[in-house]
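Asks: Give the three-dimensional model of this entry:
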Amino acid sequence: MACTYAQGSNEAFTKDLNSIHEAPTLLSKRQESKQIETNVIKLNRGGIVVETSIGPIQFGIPPETVKDSMIMGKEVPTFYIVPSQRFDRKFGLNVAEFEFPAYFNFFIKRKQVSLICDKATAESIRIVFQETLLGPTDFTNIDQDFHPSIQPYVDFQSELAIFAKNPYNPQEKLVMETLLDFKIFNENKEAQISEQVFVKQSGNLFQIIDNGKILYEIPDLVEFPKEYQKYIEIHKPDENLKAERVPPQVETIRKISIGKKPPSLTQTHISEDQLENDFRELPRPSILLWNQQGQAMISDTNLQLDEQFSFEPPNFGVTILGCSHGFDPKGSTSGYIFWINGKGVMLDPPPFTSYHLKKMGIPPIMIQAIIISHCHGDHDAGAFHKILDDTKVEIITTRTIMYSFLRKHSAISGMSVDKLKNLFIFRPAIIGVPINVYGGSFEFFYSFHSIPCIGFRVNVQGKSIYFSGDTLYEPARLKDYLDKGLIKQARYDQLTGVKFNEDIILHEAGVPPIHTPQSVLASLPSNIKNKIYLVHVADKDLLKDSGLKIAKPGIENTIILIRPHKSDTVSLARKLDIISKIDIFDQLNLTNAKWLLDSLVLESYKAGDTIIEQDQDGTKFYIIESGLAKVFSKSKENQFERYLQVGDYFGESALIDLGKRKASVEAITDLKVLSLERHDFWFIFGDGFEGQGPIIRKMMRLMEARKSQAIHILFKNSSFSQLTPSQKTQMEMIMNEEEVEKGQIMWKIGDEPRYAFFIRRGCFEFFDCPESKFEEFDSGAFIGEIQQLMTNKPLLTNVRSLRRGSIFSITNTDMIAFLQRNPGLHLLFQDQKFIE
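Replies: Just a heads-up that it's a prediction; the model follows:
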């Protein structure tokens with residue numbers, strides 16, 4: 001059931017609709033949905049709406065498109081054409097997110113939503129809706145969610161039945177058919193919508209036909225706005241293919257330096273107009289930007305910062321990414337980052353959160369774990385995107401919720417559950433015992449919601465935060481459920497026995513009966529209300545004169561309980577965390593890890609300082625602990641420019657030879673690095689007789705790739721140019737330069753897959769295979785059958801060189817390891833035979 005409105009919610013919906021018509025300019029002109037023809041509208045978040053004689057029909061349903069219709073004051077459609085590809089691999093998004101259109105139409109308009117699709121798609125959607133509307137059906141293993149010393153207090157079969165009732169006929173059980181109707185394509189690929197309207201699938205097009213006339217032909221592919229493409233081009237080189245673009249956080253820091261507010265983390269788009277004009281003044285700012293001495297220059301009026309400042313997370317605190325719900329056009333759905341000892345744990349990430357964080361200078365390495373509270377679309381829509389962002393992440397939730405998540409997203413993406421499991425690391429939350437995450441003690445519990453949902457308390461160094469999860473906290477109603485035998489005494493005691501002793505309380509305040517009434521929270525003592533920050537509620541719905549307040553989203557409003565500590569040292573735990581994420585050390589044994597940790601030395605630099613100067617001698621290797629650095633060379637034969645941040649490294653050439661530095665490195669912000677001397681490196685990783693251990697061999701391969709300017713080949717490729725700096729370095733490390741003769745056969749159909757390659761010089765073509773229709777490929781192109789490499793199955797193409805040249809080959813073993821380390825790239829590239 002929706003995480004937003006349920007029984008008795010019509011008044012709230014009416015308020016929403018009225019506010020929408022009163023605020024027609026919520027988005028900038030660049031961001032408004034665009035009218036293509038008189039009866040066709042391209043939605044802001046993706047998808048197309050066509051007006052027909054029976055009402056609007058929408059193709060494609062990316063997350064939150066229901067808000068697009070609300071913002072325009074248009075009718076939210078009841079008819080939706082489901083794309084053949086329901087999951088966009090590039091963005092990691094479900095483009096058939098029907099949950100909230102279904103909830104909106106049913107709970108306010110009392111109408112069904114009609115989904116237009118084939119039979120197989122309908123079956124997949126039924127699986128999804130089972131998990132989101134009604135919840136799992138099998139709880140035989142619920143004991144695994146609890147510590148052995150705790151008797152499970154939840155009877156989900158009984159609890160979920162409380163919510164699974166038709167609000168307009170409480171005696172009627174709520175089933176999928178109450179909300180959804182399917183219009184199935186017949187053998188002629190036609191779906192009849194009404195007597196006069198039907199949809200026909202013709203090749204890669206959908207035709208909407210009304211009274212015998214084709215109103216519009218829609219390509220069977222959901223197109224996202226151009227602004228979305230900018231999100232995945234953060235690391236793309238400039239037009240000259242010599243330098244990466246200046247990271248957006250640098251520009252943000254410049255804006256902040258003149259006392260302006262940075263763009264919201266959860267703002268769906270940031271247009272050029274907004275970048276120039278829409279930074280509003282902050283009367284009393286509390287932005288969390290610190291220099292390396294633990295100082296933040298915050299005044300009573302405007303934020304006074306300069307470019308030596310960069311984001312440094314607190315030792316304990318929380319950033320609100322969004323605190324509203326799925327039908328609030330002015331707000332973002334709920335999402336959070338809990339900061340613990342400088343590391344982030346993301347809770348229920350909204351869509352595109354990872355890109356917004358990068359814009360604010362928060363690299364993926366800072367957030368390697370996410371918590372999924374439950375499987376409603378306004379809470380898990382961005383989780384898959386984070387899973388596919390950069391390297392593998394860890395997901396924390398209970399086994400019950402995890403298997404529900406897997407079933408749901410397997411049906412959405414078309415991937416098997418086993419394949420999904422390989423994309424992340426699962427850390428089961430155990431109820432009834434504290435679990436240590438990054439030095440914070442988490443105590444999880446099951447909240448009271450329409451599907452299984454968790455909340456938690458987290459304690460760090462005596463400070464604590466309470467997160468309610470989506471829940472009904474209303475003691476009187478819960479007592480009624482207890483008296484009727486719908487919940488157990490132990491469950492009642494757990495739900496009503498909340499002490500609210502924590503320092504900060506994040507409590508949801510949606511619409512009952514699946515959410516907590518604000519009136520209940522307003523009746524709490526003032527000393528508790530002062531600690532409460534409401535979430536999952538729109539600003540306009542705040543109960544007046546209640547003494548309650550809504551949490552403010554954005555990095556500038558981070559709630560800090562323990563500030564970053566001023567220190568001239570880095571803890572062993574912090575060092576270990578950094579090196580554990582570095583590709584060259586991914587197979588480090590414990591003995592060598594100890595030697596390495598003891599040898600790393602902390603160095604600090606101010607913004608503008610030169611750490612390495614080109615053509616000078618050097619003996620050190622550096623790993624960035626905090627801040628931003630620019631690596632560049634101005635020599636004609638090797639001109640380039642790259643930006644590095646936390647977890648990236650530079651100066652590796654000094655470890656292999658005693659030659660001159662090939663590039664300069666400058667601190668863009670205040671910078672902390674961990675340095676390693678050449679003699680320490682060989683002491684740890686050599687064999688004492690000038691032998692080369694595996695880490696030294698990796699480093700030597702990277703050096704060879706750097707000498708061959710492999711990075712310029714990556715810059716030329718449309719997809720590989722968008723890799724993060726860390727991913728580009730990983731790729732450089734496995735690229736081996738080889739000469740190729742004219743007419744050389746690279747491989748033939750049926751051969752065992754041994755390698756893939758980038759073209760450095762020369763020209764190549766497919767021949768005597770279906771791919772022969774493509775034109776020849778030249779410098780920068782990647783050729784390789786990813787699926788065959790990953791599965792070790794015979795190759796399906798023939799490839800040859802058209803003239804003498806050179807390639808960067810990548811062995812199947814190295815390619816498999818690279819894609820396993822970067823699951824998002826594996827998913828994106830898995831069906832490719834070439835990438836230009």
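Asks: Please name the residues that touch residue 696.
Replies: Listed by CB atoms under 8 Å, 6 or more residues apart in numbering, the contact partners of residue 696 are 656, 681, 682, 685, 686. Heads up, the C-betas are built off the backbone N, CA and C, glycines and all.
Asks: Am I right that it is in a helix?
Replies: Yes. Using DSSP: H, G, I helix; E, B strand; the rest coil, the assignment for residue 696 is a helix.
Asks: Just the pLDDT at it, thanks.
Replies: Confidence at residue 696, expressed as pLDDT, is 81.
Asks: Repeat that for residue 139.
Replies: The confidence metric pLDDT takes the value 93 at residue 139.
Asks: Show the pLDDT at the closest residue to it other than its chain neighbours.
Replies: In this structure, residue 139 finds its nearest non-sequential neighbour in residue 156, 5.0 Å apart by CB to CB, 6 or more residues apart in numbering. Residue 156 carries a pLDDT value of 94.
Asks: swap in residue 738?
Replies: Listed pLDDT for residue 738 reads 93.
Asks: got it, and residue 606?
Replies: Residue 606 carries a pLDDT value of 92.
Asks: Residue 745 versus that one, what's the distance?
Replies: Computed as CB to CB, to the nearest Å, the residue 606 to residue 745 distance reads 56 Å.
Asks: Same question for residue 386.
Replies: The spacing between residue 386 and residue 745, counted by CB to CB, is 42 Å.
Asks: One more: residue 629?
Replies: In terms of CB to CB, residue 629 sits 44 Å off from residue 745.
Asks: which one of those two has more residues nearby?
Replies: Ranked by neighbour count (other CB atoms under 10 Å), residue 629 and residue 745 place residue 629 first, with 24 against 11.
Asks: Number of residues surrounding residue 551?
Replies: 23.
Asks: Is it correct that it is in contact with residue 535?
Replies: Yes. Using CB atoms under 8 Å, residue 551 is in contact with residue 535, at 5.4 Å.
Asks: Common neighbours of those two, please.
Replies: Common neighbours of residue 551 and residue 535, using CB under 8 Å, 6+ apart, are 320, 323, 506.
Asks: contacting residues for the first one?
Replies: Which is residue 320. With CB under 8 Å, 6+ apart, residue 320 has these contacts: 335, 336, 533, 535, 551, 552, 553, 554, 557, 559.
Asks: can we see that at 10 Å?
Replies: Listed by CB atoms under 10 Å, 6 or more residues apart in numbering, the contact partners of residue 320 are 265-266, 332, 334-337, 506, 533, 535, 550-555, 557-559.
Asks: Type out the ChimeraX command that picks the buried ones from those.
Replies: Of the contacts of residue 320, the buried ones can be selected in ChimeraX as follows, counting by 16 or more other CB atoms under 10 Å:
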select :265,266,332,334,335,336,337,506,533,535,550,551,553,554,555,557,558,559
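Asks: surely residue 150 meets residue 444?
Replies: No. Here residue 150 lies out of contact with residue 444, judged by CB atoms under 10 Å, at a distance of 11.3 Å.
Asks: Could you dump the shared contacts of residue 551 and residue 535 into a markdown table and include distance to residue 138?
Replies: A markdown table is the format used below for these (distance: CB to CB, whole Å):
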| residue | distance to residue 138 |
| --- | --- |
| 320 | 35 |
| 323 | 33 |
| 506 | 31 |
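Asks: ok, back up a step: of residue 150 and residue 444, which one has the most company?
Replies: Applying other CB under 10 Å to residue 150 and residue 444 shows that residue 444 carries more neighbours, namely 26 against 14.
Asks: Across the sheet, point out what pairs with that one.
Replies: On the basis of DSSP bridges, residue 444 is bridged to residue 456.
Asks: How much space separates it from residue 427?
Replies: Noted for residue 444: a distance of 11 Å to residue 427, by CB to CB.
Asks: start to end distance for stretch 558-571?
Replies: Terminal residues of stretch 558-571 lie 24 Å apart, using CA to CA, to the nearest Å.
Asks: wait, I meant stretch 190-205
Replies: 12 Å.
Asks: again, but for stretch 507-523
Replies: OK, stretch 507-523 end separation, CA to CA: 14 Å.
Asks: Please apply the same query to stretch 167-184.
Replies: Distance across stretch 167-184, first residue to last, is 28 Å (CA to CA).
Asks: Check which residues of that stretch are buried.
Replies: Neighbour count says stretch 167-184 has 167, 174, 176, 178, 179, 180, 182, 183 buried, by 16+ other CB under 10 Å.
Asks: The first one contacts residue 103, doesn't it?
Replies: So that's residue 167. No. Using CB under 10 Å as the test, residue 167 is too far from residue 103 to be in contact (11.4 Å).
Asks: What about residue 141, how many residues nearby?
Replies: Residues lying near residue 141 (other CB under 10 Å) number 10.
Asks: In terms of secondary structure, what does the helix or strand hosting residue 573 contact?
Replies: Residue 573 belongs to helix 572-580 when assigned by DSSP states H and E. Contacts defined by 3 or more CB pairs under 10 Å, 6 or more residues apart in numbering; DSSP states H and E place helix 572-580 against strand 343-347, helix 590-599, strand 620-626, strand 671-677.
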